[in-house]
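Student: Sequence and computational prediction follow.
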Amino acid sequence: MSKPNVIPLQPMPLHSTASESALSNGARLKHVIESQQFTVPLLMELFERSRGMERVAARGGTLDYQHRILTTLFYAPSTRTRLSFEAAMHRLGGRVLSTENAGVFSSEIEGEQVEDSIRIISGYSDVIVIRHTADDGARRAAEVSAVPVVNAGDGNGGQHPTQALLDLYTIYRQRPLDGLSVAIIGELDRGRTARSLAYLLAKFDRVKMFFVSPPQLQMKPDILEYLDEHGVRYELESDIDRVIGEVDVVYQTRIRPERVRDMAGRGNDGRGSDGLRRYAIDSKVVQRMKPDALILHPLPRTVELDKSVDADPRAMYFRQAMNGLYVRMALLTMLLEKEPAAGSAWW
């Protein structure tokens, strides 16, 4: 079997503003916990590196990080996110330690706290990717870790910043980010990806967001207050038909039929209920969209995004998932390039 065509990573050209921002006051990217920590220059640096990672991955990867170890520590399942990070580390030449069910197989079932687990694991690894069941799980991990911590989704309505980064990168590869109009649709009260994306979109000029959801599942006040404070335009909507024809991006998220049924007090057929259809995208809805609009979805999907949409050239969600590899590769290089190797833990 022939060996993969691996190439060394070349220094990525950076915009001067991005480089200055990332290094100002001696600061650098230490952990990735929430979307708010990213500035526009830092986002542009990440996206420029991500473009480079598309080429690196296409050529088989690199061996530049072969002495680095990534640990994926998942207390809740997420096959796509976990495998994306692990593939990113492998493409960089690194190695991976992994557990997808830490809440079951870890000593935490006997009462060990996440802080103690992280103190130990950060001695084995150079970077930790964590998905925790508590809204503050990733932040607690970062506070005690000797190595960078990446939030791969926290709690039930927290954040998922790396998903939002790849979502934004997918849009960025298609059009300018300033002046966008975006419809964010679904269970927004518990939508980690929607919440994180809203924070990122708010950093760009003349952006307008439409939060489309049943009133009981609308975006939480903390996001709306943040947008108000930063002068970002938004509207709360309960019907997709009112906005579908005027937005540049449709960001559809999962809608569990039982939540819509419970609110509407309807029968057991969630797929056919009037309540669910108001928030779903199918071929008829797509016909009313702008010709150059983009359709994104963080996946996995259920009945809120019909498979008939897959063949539409505006459907970006499978490309979006692939972009996650490149963005996470780039993000890992930013976290690891100045990080000492494992074995130099704080104790």
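Tutor: Nice, thanks for sending it over. Numbering: from 1, shown residues only.
Student: The helix or strand hosting D222 - contacts with which helices or strands?
Tutor: Using DSSP states H and E, D222 maps to helix 221-229. With contacts defined as 3 or more C-beta pairs under 8 Å, 6 or more residues apart in numbering; DSSP states H and E, the packing partners of helix 221-229 are helix 192-201, strand 233-237. (C-beta placed from N, C-alpha, C; glycine too.)
Student: Identify the residues contacting the spatially most central residue of the chain.
Tutor: Centroid check for the chain by C-alpha atoms, centre = their mean gives Q163 as the closest residue, at 0.9 Å. For Q163, the contact set (C-beta atoms under 8 Å, 6 or more residues apart in numbering) comprises 81, 153, 192-193, 196-197, 298, 324.
Student: Please apply the same query to R139.
Tutor: Contact analysis of R139 by C-beta under 8 Å, 6+ apart lists 33-34, 151, 154.
Student: a helix runs through it, doesn't it?
Tutor: Yes: under DSSP: H, G, I helix; E, B strand; the rest coil, R139 sits within a helix.
Student: any weak-confidence spans in the chain?
Tutor: For the chain, applying pLDDT under 70 flags the ranges 1-27, 100-112, 259-276, 338-347.
Student: rewinding a little: so which of the contacts of R139 comes closest to A142?
Tutor: I33 (5.6 Å; C-beta to C-beta).
Student: Let's test this: what are the backbone torsions at that closest one?
Tutor: phi -110, psi -40 (degrees, to the nearest 10).
Student: How many residues are close by it?
Tutor: 22 (other C-beta atoms under 10 Å).
Student: can the helices and strands packed on helix 221-229 go into a markdown table with extra columns for mean neighbour count and distance to R314?
Tutor: Converted to a markdown table, these look like this (neighbours: other C-beta atoms under 10 Å; distance: least, C-beta to C-beta, whole Å):
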| stretch | mean neighbour count | distance to R314 |
| --- | --- | --- |
| helix 192-201 | 25 | 18 |
| strand 233-237 | 15 | 20 |
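Student: Could I get the full set of strands for the stretch 201-347 of the chain?
Tutor: Taking DSSP state E, counting those that start in this stretch, the strands of the stretch 201-347 of the chain run over residues 208-212, 233-237, 249-252, 294-296.
Student: tell me the most buried of those strands?
Tutor: strand 249-252 (a mean of 27; mean count of other C-beta atoms under 10 Å).
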